[in-house]
Each structure stands twice: as structure tokens, then as C-alpha cells.
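> All I have is the shape, not the residue letters:
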């Protein structure tokens, strides 16, 4: 079991991206990702624009899911899976708060996303990674994600990765 600095175990929980908790953690994801892209703190307007341009409402029901990772009662990250086609999911909204990085929260989150995905019949997960997200790219590689042919034309997709899930339910 992974424990946080306070000694609390890291736990995960499914949340609706439209809920207050879901919107708050997705907002933190965008604040981090937009800020890192520009090399400065993201403005509220930039965060709101990103949330409108790339909504997360489909990360529920038959189209996907959103998971939060907690250190005790404090939400320290999130991640989602969007179902792309039969047997294929795409990791999205992967975020670990900088205060929780390097303590196993990312690994805990990804492993649980994989487990839930497999239980829902996903046989392969894919994702894109920006070039400046070096630590995230390294984590995905350590967890078995391999470079694949491009599947996205997004200007933010510097790397295309995928992983076959060993225990997918057919």
C-alpha cells in the first residue's frame, strides 16, 4: 500500500466530472498544464477557455470515467479514460499535484485506471504526451507504455503511447 507524507494511504474514487469535486480537480489539471505550457501561472480566463475547448463531461457513463486520487481526505490528482472504440480507451486529464509527485500517486492512479478499464472490456489504452512533460513521459514508459504510430493530429501531441492491458474482460 502506498502512503503519503502524512502517513495516509493513497486511495482512488470515481467522480462525475460535472460534480463540484470533479470540476475542481479538472480545473487544477488545466491550471497546471496551461501554466507549464506558458512557463507561468495560468490565468483564470485561460483555464476557463481550456475547459470549454476540451470539455470533460463525457468522462462518465458509457463514454468514460474520471478518477481522483486522495492522500487521506485531500484530493492530490485525477485521471480519466475516454472510450474511443470497442476495446480501446484513451488516458486523459492525468494530473498529480506537485506536492504529491514522487510519492507513488501517479503510479497508483495509472494502475487503477488500467484496472477499471480492463474490467470494462478495454484491451488497450493510448495517450499523447507533450514534450515538456518529461516526468510524465518517463512514468508512462516505466509502466509499460510504448511509442506507437501517431493517432492524433493535436499540436500538443509530441509523443503517442499505448499499452495492451493483460486482464481485459471480453
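That came through, no problem. Worth saying up front: this structure is predicted, and the values here are computed from it rather than measured. Numbering: from 1, shown residues only.

> What residues of stretch 68-88 count as buried?
By 16 or more other C-beta atoms under 10 Å, the buried positions in stretch 68-88 come out as 68-71, 75-84, 88. In short, each C-beta sits where N, CA and C put it, glycine included.

> what comes up buried for stretch 17-27?
So for stretch 17-27, counting by 16+ other C-beta under 10 Å, buried means 17, 22, 23, 25, 26, 27.

> who touches the spatially most central residue of the chain in this structure?
For the chain, the residue nearest the mean C-alpha position is residue 94 (2.0 Å; C-alpha atoms, centre = their mean). Residues near residue 94 by C-beta atoms under 8 Å, 6 or more residues apart in numbering: 29, 77, 78, 79, 80, 106, 109, 110, 127, 136.

> mind running it again at 10 Å?
With contact set as C-beta atoms under 10 Å, 6 or more residues apart in numbering, residue 94 has these partners: 29, 33, 67, 77-80, 106, 109-110, 113, 127, 129, 133, 136, 139-140.

> Same check on residue 150?
128, 157, 159, 160.

> In three-state terms, label the second one for me.
Of the three states, residue 157 takes coil under DSSP: H, G, I helix; E, B strand; the rest coil.

> follow-up on the earlier one: adding distance to residue 61 and pLDDT, write the buried residues of stretch 17-27 out as JSON lines.
Compiled in JSON lines, those are given as follows (distance: C-beta to C-beta, whole Å; pLDDT from 0 to 100):
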{"residue": "17", "distance to residue 61": "11", "pLDDT": "97"}
{"residue": "22", "distance to residue 61": "13", "pLDDT": "96"}
{"residue": "23", "distance to residue 61": "17", "pLDDT": "96"}
{"residue": "25", "distance to residue 61": "18", "pLDDT": "97"}
{"residue": "26", "distance to residue 61": "16", "pLDDT": "97"}
{"residue": "27", "distance to residue 61": "21", "pLDDT": "97"}
